[in-house]
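1. Build the 3D model from these lines:
(one chain, ligands or ions: 1)
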Amino acid sequence: MRVIFIKIKLTIMTDIDKPQVPSLFEWAGGMPAFVNLFDKFYDKVLADDLLEPVFKHMSAQHRLHVAHFVAEVLGGPKVYSEEEGSHFIMISKHLQKYLTEAHRKRWMELLLQTADELLLPDDPEFRSAFLAYLEWGTRIAVINSKMDDANEAIDAPMPQWGWGVPGGPYIADQ
Ligand code: HEM
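-> Numbering: from 1, shown residues only. All right, here's what the predicted structure looks like:
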């Protein structure tokens, strides 16, 4: 009886002591941060000689859809997957776009430049996780852009990206 009591007490203490780790979405500033990031980013894209031809036919909702997609992957609400698309649909949008490594590199450069200008958190932990996702996502986009059909199940779940090895944001010692 005594052993059981101690075990319960330890469990409760562990839960209380566990630090609450924000999602990458929360740490970045929530939905307004993502909407603003992709809004300013696509303004740059349309002013860029290399990327403008790739994106000149995008819809008026494109920038909002991408913001919602990335926000959801990083732990935000399921706006993209429940109201606008799915992982399969996102992949399908890239088919036969024949993107090159030069396109991808410029996309990355402009997005990271916009993140700096808008003062997204720049702690090593956040930026390394954010960059890792963008590297993965953009490389997948280039691969899919050379395909005719989506190499993914129609009901494939949305990717979920977390903090990785650092485990959470940089918190300075008090
Ligand atoms: C993490 C990386 C990426 C994500 C999350 C992403 C996400 C998306 C999403 C959600 C759409 C559909 C937008 C809509 O519903 O209107 C889309 C379309 C598209 N994406 Fe990406 N994308 C990524 C990388 C790239 C890159 C690197 C390029 C090219 C340099 C690219 C080019 C395009 C194009 C051309 C479309 C179709 C635009 C149109 O409708 O005309 N994407 N992307």
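
2. Could you check how many residues crowd around the closest residue to A33 other than its chain neighbours?
-> Nearest non-adjacent residue to A33, counting by Cβ to Cβ, 6 or more residues apart in numbering: L120, 6.6 Å away. All C-beta atoms are positioned from the backbone trio N, CA, C, and that covers glycine. As a burial measure, L120 scores 19 neighbours (other Cβ atoms under 10 Å).

3. which element is the residue in the chain that the ligand sits nearest to on?
-> Using Cβ to the nearest ligand atom, the single residue of the chain nearest to the ligand is G137, 2.4 Å away. Using DSSP states H and E, G137 maps to helix 124-145.

4. Up against the ligand, what does this protein have?
-> For the chain, the residues in contact with the ligand (Cβ under 6 Å from any ligand atom) are 54-55, 57-59, 61-62, 65-66, 69-70, 85, 90, 93-94, 97, 99, 103-104, 107, 134, 137-138, 141.

5. could you pull out the helices for this structure?
-> With DSSP state H, the ranges of helices along the chain come out as 2-17, 24-28, 30-46, 52-55, 62-73, 79, 87-94, 101-117, 124-145.

6. Format these as a markdown table; extra columns: mean neighbour count.
-> Converted to a markdown table, the helices of the chain look like this (neighbours: other Cβ atoms under 10 Å):
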| stretch | mean neighbour count |
| --- | --- |
| helix 2-17 | 8 |
| helix 24-28 | 21 |
| helix 30-46 | 18 |
| helix 52-55 | 14 |
| helix 62-73 | 22 |
| helix 79 | 17 |
| helix 87-94 | 18 |
| helix 101-117 | 16 |
| helix 124-145 | 17 |
